[in-house]
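Visitor: Sequence first, predicted model second:
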Amino acid sequence: EPEVTQTPSHQVTQMGQEVILRCVPISNHLYFYWYRQILGQKVEFLVSFYNNEISEKSEIFDDQFSVERPDGSNFTLKIRSTKLEDSAMYFCASSDLGRGGQPQHFGDGTRLSIL
Amino acid sequence: QQPVQSPQAVILREGEDAVINCSSSKALYSVHWYRQKHGEAPVFLMILLKGGEQKGHDKISASFNEKKQQSSLYLTASQLSYSGTYFCGTVKAAGNKLTFGGGTRVLVKP
């Protein structure tokens, strides 16, 4: 069964450094998402992406965050200058259509630890 | 505004039933249910669209009451593998952003 893959599984970074999280969505999917989950808390929406542009973003997704689809398969989340509070599990998800009636399939996540 | 889930936690014996509720104050287009085991990604269970439908997946089923903007997830004859945290995610009309509830921890004991 096709799946969303994320790399790395764990990233440790010094505060203030830039970090790039990578995702390969399911191949025929058109909509891509990033969510994050702080330890022990609920999953929070960050951003959705379609047709090479952001379609929706949350208040969390401020100027230090950016997303990109650099080629036909990868989808990346960049955090420019990491803060301690960015420590969380980051999940990438994809769906074949953007209507709210389509399931979003999640990758296994990247655990980001900011020191 | 996030949906409200209840209860926050439930402990079951194998074979027992449970109901998890998810309520929203906003008009919804759909409700998505996920199960997450510790340290793993959320796994999609099912989607309920507005229109009041009911769906099932093995012995797990769900309903969506559009009038009340409430969805319920039914765990029937629970198995040990049902343990985990169940999240509902809601989508408002004209969107695809999932807003998750706080989760319900389910522990099924032998």
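Guide: Yep, that arrived.
Visitor: what's the burial count for residue 32?
Guide: Picking chain A for this. Neighbour count for A:F32, taken as other CB atoms under 10 Å in any protein chain shown: 24. (C-beta placed from N, C-alpha, C; glycine too.)
Visitor: my bad, chain B
Guide: 26.
Visitor: Excluding chain neighbours, what is closest to it?
Guide: B:G89 (4.2 Å; CB to CB, 6 or more residues apart in numbering or on different chains).
Visitor: any idea which element that neighbour lies in?
Guide: Secondary structure from DSSP states H and E places B:G89 in strand B:84-92.
Visitor: Report the contact partners of the residue positioned nearest the centre of chain A.
Guide: Computing the C-alpha centroid of chain A and ranking residues by CA atoms, centre = their mean puts A:W34 first, at 3.0 Å. When contacts are counted by CB atoms under 8 Å, 6 or more residues apart in numbering or on different chains, A:W34 is found next to A:L21, A:C23, A:L46, A:V47, A:V67, A:L77, A:Y90, A:F91, A:C92, A:A93.
Visitor: next SSE after the lowest-mean-pLDDT helix or strand in chain B?
Guide: Here the helix or strand of chain B ranked lowest by mean pLDDT, DSSP states H and E is strand B:54-57, holding a mean of 67. Where DSSP H and E defines the elements, the next helix or strand beyond strand B:54-57 is strand B:60-65.
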